[in-house]
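>>> Prediction below, plus the sequence it came from.
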Amino acid sequence: MSILQPLEMIWDEAMSFNESLNVPVRWKRAHRIGRMKRKVWADGYRSNSTEHVLLMEDLHDGRLKRKAGQFLCGTRITNKNAHLILNMGGDDEERSKRIKVDCPKCLEVAKRWQEKSN
């Protein structure tokens, strides 16, 4: 058994979960990047950060409206330059989905499309 097999299983599980969100536009998984502080890794992410749905296209679904570059949950972007460099220009969309989205608000909003697909 290769050391990568458990990692690939985790990636597959996360990708299956993220696909089940059924967000109707292109998106990727990303962090909210605040001011740089002590608990920040070299890439700008906090070690205890929440995984969000970052929209790569404008979303209009009934009363829900978000622009490309915003988080599905509506979390405010406080460090716009770091957000553009690290989130919008970072990992490709599919690679970013190897980590499970865990933002409660993003998951709550995504329920509307999960229910429509069932």
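Sure, I can see it.
>>> which residue packs closest to residue 105, ignoring adjacent ones?
Computed as CB to CB, 6 or more residues apart in numbering, the closest residue to residue 105 that is not its neighbour in sequence is residue 73, at 3.4 Å. In short, each C-beta sits where N, CA and C put it, glycine included.
>>> Now the longest helix anywhere in the chain: average pLDDT?
Using DSSP state H to define each element, the chain has its longest helix at helix 4-19. Throughout helix 4-19, pLDDT has a mean value of 89.
>>> contact partners of the helix or strand following that helix?
Using DSSP states H and E, the helix or strand that follows helix 4-19 towards the C-terminus is strand 27-30. Contacting residues not belonging to strand 27-30 are listed as 18, 51-57, 71-72, 87, 90-93, 96-97, 99-101 [CB atoms under 8 Å, 6 or more residues apart in numbering].
>>> May I ask which helix or strand of this structure has the lowest mean pLDDT?
helix 80-82 (a mean of 86; mean pLDDT, DSSP states H and E).
>>> Please identify the buried residues of that helix?
residue 82 (16 or more other CB atoms under 10 Å).
>>> May I have the beta-bridge partners of the residue sitting nearest the centre point of the chain?
In the chain, the residue lying closest to the centroid (CA atoms, centre = their mean) is residue 29, at 2.2 Å. Residue 29 has the following beta-bridge partners by DSSP bridges: residue 53.
>>> ok, it to residue 78 distance?
Per CB to CB, to the nearest Å, residue 29 is found 19 Å from residue 78.
>>> go on, residue 105?
For residue 105, the distance to residue 78 - CB to CB - is 16 Å.
>>> wait, is the residue nearest to residue 105 part of a strand?
No. Checked against DSSP: H, G, I helix; E, B strand; the rest coil, residue 73 lies outside a strand; its state is coil.
>>> Residue 87 contacts residue 31, correct?
Yes. With contact defined as CB atoms under 8 Å, residue 87 counts as touching residue 31 (7.1 Å).
>>> Just confirm residue 83 contacts residue 52, I think it does.
No. Applying CB under 8 Å as the test, residue 83 and residue 52 come out as separate, 11.1 Å apart.
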